[in-house]
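# Build me a structure from this.
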Amino acid sequence: MTCLGLDELPRPVAAVLGGGGVLGAAHVGVGYALERRGFVPDLIVGTSVGALTGAIAAAHPKSAAAWLDDVWTHLRRREVFPFGYLSSRASLFSDRGLRRLIARAELPTRIEELAVPFTAVAMDLATGAEVRLDRGDLESALLASSAIPGALPPVVREGRTLVDGGLIAYVPVRAAEAAGAASVLVLSTGPASWPLPPITPRQRAGAIASRAAVLQVHHQIESDLRDVSQRVPTVVLPTGVDKWPAPWDFGHSQRLISTASVTAERFLDRLRIAGAGLYRAEARATSHDAHVEERVNR
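Here you go, the predicted structure:
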């Protein structure tokens, strides 16, 4: 039996927010599309920037998009990665900028006090294990999930040294399923989140390293999505963005938000669910550009 749209997804529904630095502005556009439909997830799971966005959505489940829009469109790199404020030898930057952003969001002290159940995903630096933070101090959980190794300081929490969860779960759908989700809505970001056209990069060190990194993240995402989608409906909400800025370039936030909002709206209008499977827009390459085909595939 085919069901129509969001309201017919099996409950509980988890919203899963992936990593990507400034690319997380696209989460805001998708958030607008969900809020316009009055949709509130039963739980939220986030990695890295997705943990920050997800915690704010969990605290303000019906009105987070407008607040996040204002933050993203006024945010500058030096506020997140402030040069000249070394806190230790463990990182290039202090986390004071992230702490200020978290304080401005008017979040509760503890994870359990959020309006929607929430999990932040981090990685144990000693063992490489995925760590799911769903209770206790909220600020330290968000700082741990966002602690880009070398750039931002790791967080010691309950005797474990934690860093950015994107290293182990760029799109944490496995954590959502483990938390009890019967269906999953994925808000992912960046070029690695979509089927990649086969290209050979320019024979330059930077281009080769960049392509290899994108492929590595892409394979992790695809493996996790396909595994979870065998058991629960897994809906990947498209952004429509085909020209992504560098993860530290905050000058493109409005474009990412606007494009993702329109594209996600169109996708949701056509969404049909028929049991477990992977539901997403199909990206196709045409000459030098890629566009999103407006149909939903299982």
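
# For residue 162, which residues count as its bridge partners?
In this entry, residue 162 is beta-bridged to residue 124, residue 155, by DSSP bridges.

# For it, give its distance to residue 186.
23 Å (C-beta to C-beta, to the nearest Å). Placement of C-beta: from N, CA and C, glycine included.

# One more: residue 152?
Using C-beta to C-beta, residue 152 is found at 25 Å from residue 186.

# neighbour-wise, which of those two wins?
Shown here are residue 152 and residue 186; by other C-beta atoms under 10 Å, residue 186 has more neighbours (29 against 24).

# ok, now which ones touch the closest residue to the more buried one other than its chain neighbours?
Nearest non-adjacent residue to residue 186, counting by C-beta to C-beta, 6 or more residues apart in numbering: residue 236, 4.5 Å away. When contacts are counted by C-beta atoms under 8 Å, 6 or more residues apart in numbering, residue 236 is found next to 186, 188, 193, 225, 278, 279, 280, 281.

# for the longest helix along the chain, which positions count as buried?
Longest helix in the chain by number of residues, with DSSP state H as the criterion: helix 205-229. For helix 205-229, a neighbour-count test (16 or more other C-beta atoms under 10 Å) marks 217, 218, 220, 221, 222, 224, 225, 228, 229 as buried.

# Where do the strands of this structure begin and end?
Here the chain has its strands, by DSSP state E, at 3-4, 13-17, 43-47, 118-124, 130-133, 155-157, 160-164, 183-187, 233-236, 272-273, 277-286, 289-297.

# Reformat the ones you listed as CSV; add distance to residue 37.
Below are the strands of the chain laid out as CSV (distance: least, C-beta to C-beta, whole Å):
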stretch, distance to residue 37
strand 3-4, 12
strand 13-17, 12
strand 43-47, 16
strand 118-124, 21
strand 130-133, 28
strand 155-157, 35
strand 160-164, 31
strand 183-187, 11
strand 233-236, 13
strand 272-273, 15
strand 277-286, 16
strand 289-297, 16
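
# how about the ones you listed, which one is nearest residue 35?
Closest to residue 35 of those is strand 13-17 (C-beta to C-beta; 11.6 Å).

# Name every strand pairing with the closest one and say which way it goes.
Sheet pairing of strand 13-17 (DSSP bridges) gives strand 43-47 (parallel), strand 183-187 (parallel).
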